[in-house]
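> with the input below, show me the fold.
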Amino acid sequence: MAEVKVPELAESISEGSIAQWLKQPGDRVEKGEYVLELETDKVNVEIISDYTGTLTELLAEEGDTVQVGQSIAIVDENGTAAAAAPKAEAPKTEEVKAEPVKTEQAAPAQEAPKAETKEASSTQQVIASPAARKLAREKGIDLTQVPVVDPLGRVRVQDVEAASNAPAPVAPKQAAPAAKQAAAPVEVNDDRIEVVKMTRRRQTIAKRLVQVQSEAAMLTTFNEVDLSAVMELRSRHKDTFVKANDVKLGFMSFFTKAVIGALKKYPLLNAEIKGDHILKKNFYDIGVAVSTDEGLVVPVVRDADRKSFAEIEQNISDLAVKARNNKLGLSDLSGGTFTITNGGTFGSLLSTPILNAPQVGILGMHTIKTRPIAVGDQIENRPMMYLALSYDHRIVDGKEAVGFLVAIKDMLEDPEQLLLQG
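Okay, the predicted model is just below:
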């Protein structure tokens, strides 16, 4: 018998939830064949079998949370000889399903040993770089008590060094498991209310949105931009652009180029806070928020400053399709130095976007509305958009934030500047 285990997915992922079993007991599986879909904080991934044989037993059910390295299924490598066995056991599976009340009553009793096992191996489950683990061993530091700055929960060498110089608060770490246990049972004595468990991705989104608002000194500033010049430019070149590049000329490439030009003028908005240090990033990986049925994801356009308008449009289009088809990889989502979100696609006139930690800036685009604007001594109807910049006031002052938005406004109202500054 061989065990199918949850493989190492990425340094930042230690667990996931089983979204769907693609194979059932009694099914023949080949080495390299997909057997289940696993939902993680970031993406859904399909797990393969490392063995050829017959799937005889599922050790975890759909919806269960499983750890990296945990055994989740049994495969009998004796091929066809075992094929008949699972079918004979099918009635047993049906009998277990026919007693949901007993299964639910037994669950609390089974949770205790799981919790003990998790606590006993907590150090192994902490996501940490090899160098950080080595340093922690040398200094005798418990990795579970090291405060983490990384938004994905990864312990780095700097975190261990900081923990060795200052005592880490223990109470919040101990309170976290208790909070999870307290939130687990939800009982509602009203048939009109439906209790739905949040997906792992939605739980992560909720946790990080609350976390960034409690840790960052977040502030939002606003401006408006006249998009007449951009719309006129798109109108003149849209047909030739599509023929030449096989992709439409949208607004996102203009805004991406304008953001890059503004970031070069105000580099602190392209930075990150690490303890009491500022990491200034001399590259421009621009995250573009994409709405999916399971929540908002932010895939990243890498080295956007080196890409043409067509390459940016194609990248964004490809990432949006992958996001909506649940095909994004971890590499598509990791990193990012600044984020653009466009609530205008849903009709939003004005909003205050929340930072995508550890980034310190996010630009909110909104719907375009034709409004009467004073142009010299005349009143003209112009396509106007409100812009919102949320920023971390810990390292970005109001002067820089306002200047950043004004720079974007100026470049979009004179898009020829984008060729020089974006």
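> who's the closest residue to residue 278 other than its chain neighbours bridged to?
With Cβ to Cβ, 6 or more residues apart in numbering as the criterion, residue 278 has its nearest non-adjacent residue at 5.3 Å, and that residue is residue 271. Placement of C-beta: from N, CA and C, glycine included. For residue 271, the residues forming beta bridges with it (DSSP bridges) are residue 280.
> can I assume residue 271 is in contact with residue 395?
Yes - if you go by Cβ atoms under 8 Å, residue 271 and residue 395 touch, sitting 6.4 Å apart.
> who has more neighbours out of these two?
More crowded of residue 271 and residue 395, by other Cβ atoms under 10 Å: residue 271, with 23 against 18.
> who's in contact with that one?
278, 279, 280, 281, 360, 395 (Cβ atoms under 8 Å, 6 or more residues apart in numbering).
> equivalent analysis for residue 36, please.
Remark: with contacts taken as Cβ under 8 Å, 6+ apart, residue 36 is in contact with 18, 19, 20, 21, 22, 23, 46, 47, 72, 73.
> can you tell me the element the first one falls in?
Applying DSSP states H and E as the criterion places residue 18 in strand 15-21.
> overlap of the contact sets of residue 271 and residue 395?
278, 360.
> which of the contacts of residue 36 are buried? Put it as a ChimeraX command.
In ChimeraX syntax, the buried subset of the contacts of residue 36 is picked out as below (16 or more other Cβ atoms under 10 Å):
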select :18,19,21,23,47,72,73
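> ok, now how distant is residue 51 from residue 58?
Note on residue 51: its distance to residue 58, by Cβ to Cβ, to the nearest Å, is 15 Å.
> just residue 205 next, same as before
Counting by Cβ to Cβ, the gap from residue 205 to residue 58 is 29 Å.
> looking at the two, which is more packed in?
Looking at residue 205 and residue 58 with other Cβ under 10 Å, you find the greater number of neighbours at residue 58, namely 20 against 17.
> tell me the contacts of that one?
With contacts defined as Cβ under 8 Å, 6+ apart, residue 58 is in contact with 21, 24, 25, 72, 73.
> for it, give the beta-bridge partners.
With DSSP bridges applied, residue 58 shows beta-bridge pairing to residue 73.
> per-residue confidence for it?
The per-residue pLDDT reported for residue 58 equals 89.
> sketch out the low-pLDDT regions of the protein for me.
Within the chain, the ranges that satisfy pLDDT under 70 run 10-12, 41-42, 79-131, 134, 149-154, 166-185, 420-422.
> how many residues are close by residue 253?
The burial count assigned to residue 253 is 27, neighbours taken as other Cβ under 10 Å.
> pretty sure residue 279 contacts residue 272?
Yes - Residue 279 lies in contact with residue 272 (Cβ under 8 Å); the separation is 4.4 Å.
> more neighbours: the two, which one.
Using other Cβ under 10 Å, the more surrounded residue of residue 279 and residue 272 is residue 272, with 18 against 11.
> strands of the stretch 201-350 of the chain, start to end?
Read by DSSP state E, counting those that start in this stretch, the stretch 201-350 of the chain holds these strands, from start to end of the chain: 218-226, 271-274, 277-280, 286-288, 290-292, 295-297, 300-301, 338-342.
> switch these over to JSON lines; also include distance to residue 235.
Rendered in JSON lines, the data for the strands of the stretch 201-350 of the chain read as follows (distance: least, Cβ to Cβ, whole Å):
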{"stretch": "strand 218-226", "distance to residue 235": "15"}
{"stretch": "strand 271-274", "distance to residue 235": "37"}
{"stretch": "strand 277-280", "distance to residue 235": "39"}
{"stretch": "strand 286-288", "distance to residue 235": "24"}
{"stretch": "strand 290-292", "distance to residue 235": "26"}
{"stretch": "strand 295-297", "distance to residue 235": "31"}
{"stretch": "strand 300-301", "distance to residue 235": "25"}
{"stretch": "strand 338-342", "distance to residue 235": "20"}
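> right, and these - which one's nearest residue 199?
Distances from residue 199 to each of the strands of the stretch 201-350 of the chain were compared using Cβ to Cβ; the minimum, 7.6 Å, belongs to strand 295-297.
> residue 139 and residue 274: what is the separation?
According to Cβ to Cβ, residue 139 stands 19 Å off from residue 274.
> and these two? Which one has more around it.
Shown here are residue 139 and residue 274; by other Cβ under 10 Å, residue 274 has more neighbours (15 against 11).
> from residue 395, how far out is that one?
The span separating residue 274 from residue 395 equals 11 Å under the rule Cβ to Cβ.
> over to residue 385?
Separation of residue 385 from residue 395 (Cβ to Cβ): 27 Å.
> do the same with residue 44
Relative to residue 395, residue 44 is positioned 35 Å away (Cβ to Cβ).
> those helices in this structure, which residues are they?
In order along the chain, the chain carries the following helices (DSSP state H): 84-88, 90-97, 100-120, 122-125, 130-139, 157-165, 171-183, 200-215, 228-245, 251-265, 309-324, 330-333, 398-413, 417-421.
> report how many residues lie close to the residue nearest to residue 390 when sequence neighbours are not counted.
Of all residues not flanking residue 390 in the chain, residue 220 sits nearest, at 4.5 Å (Cβ to Cβ, 6+ apart). The criterion is other Cβ under 10 Å. On that basis, residue 220 has 16 neighbouring residues.
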